[in-house]
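pasting the sequence and the predicted model now:
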Amino acid sequence: MSTTSTPRSSKTGPIAVVRAFNEAFNRGDVDGMMALMTEDCVYDNTYPPPDGSKYEGHAEVRTFWEDFFRGSRSPRIEIEDIFAAGSRCAMSWTYRWVDFDGLAHHVRGADLYRIRGGRVAEKLSYVKG
């Protein structure tokens, strides 16, 4: 189920930006992801527990994603729900991947986004458990 406070026809509204970002993620397209992030972007990752790790600025966030995709097999985010209010967007998700032994795994969580100028300025990720 998806809800929205932003018109579906908006190509730069928060929901459209977040959907485009996740489509790029599911393709493993770091260039596409970074094109949707501001130069001063912030990404707050879920790992390592309990507080995760924070990456700031285009170069640092890009390096994180490049390393992530080198170390991941078949990563995919499935959006469970998404909604927006102003420049903020919240999304619950299931993240699925296959480990290097061929075993499938998943976790559920949520991301809080801040959109500025049609791009992701901040992505804060949280995972259940």
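Perfect, I can see it now.

where does the residue lying farthest from the centre of the chain land in three-state SS?
Here the chain reaches farthest from its C-alpha mean at Asp101, the gap being 25.4 Å by C-alpha atoms, centre = their mean. Applying DSSP: H, G, I helix; E, B strand; the rest coil to Asp101 yields a three-state assignment of coil.

for it, give its distance to Ser72.
From Asp101 across to Ser72, the span is 14 Å (C-beta to C-beta, to the nearest Å). (C-beta placed from N, C-alpha, C; glycine too.)

equivalent analysis for Leu112, please.
Where Ser72 is concerned, Leu112 sits at a distance of 22 Å (C-beta to C-beta).

cool, Asp111 as well?
For Asp111 relative to Ser72 (C-beta to C-beta), the value is 17 Å.

still on that earlier bit, tell me how far the residue farthest from the centre of the chain lies from Val127.
21 Å.

surely Asn45 touches Asp51?
No - assessed by C-beta atoms under 8 Å, Asn45 is found out of contact with Asp51, at 9.9 Å.

all helices for this structure, in order.
Taking DSSP state H, the helices of the chain run over residues 14-27, 30-35, 58-70.

among these, which comes closest to Val120?
helix 14-27 (5.8 Å; C-beta to C-beta).

which of Asn45 and Asp51 has more residues huddled nearby?
Just comparing Asn45 and Asp51: by other C-beta atoms under 10 Å the higher neighbour count belongs to Asn45, 17 against 10.

tell me the contacts of the more buried one?
Gly52, Ser53, Lys54, Tyr55, Phe64, Ser125 (C-beta atoms under 8 Å, 6 or more residues apart in numbering).

which residues does it bridge with?
Beta bridges link Asn45 to Ser53 when assigned by DSSP bridges.

any figure for the gap between it and Asp99?
Asn45 is 18 Å from Asp99, by C-beta to C-beta.

follow-up on the earlier one: now for the helices of the chain, which one comes closest to Gly118?
So among the helices of the chain, helix 14-27 is nearest, using C-beta to C-beta, at 6.1 Å.
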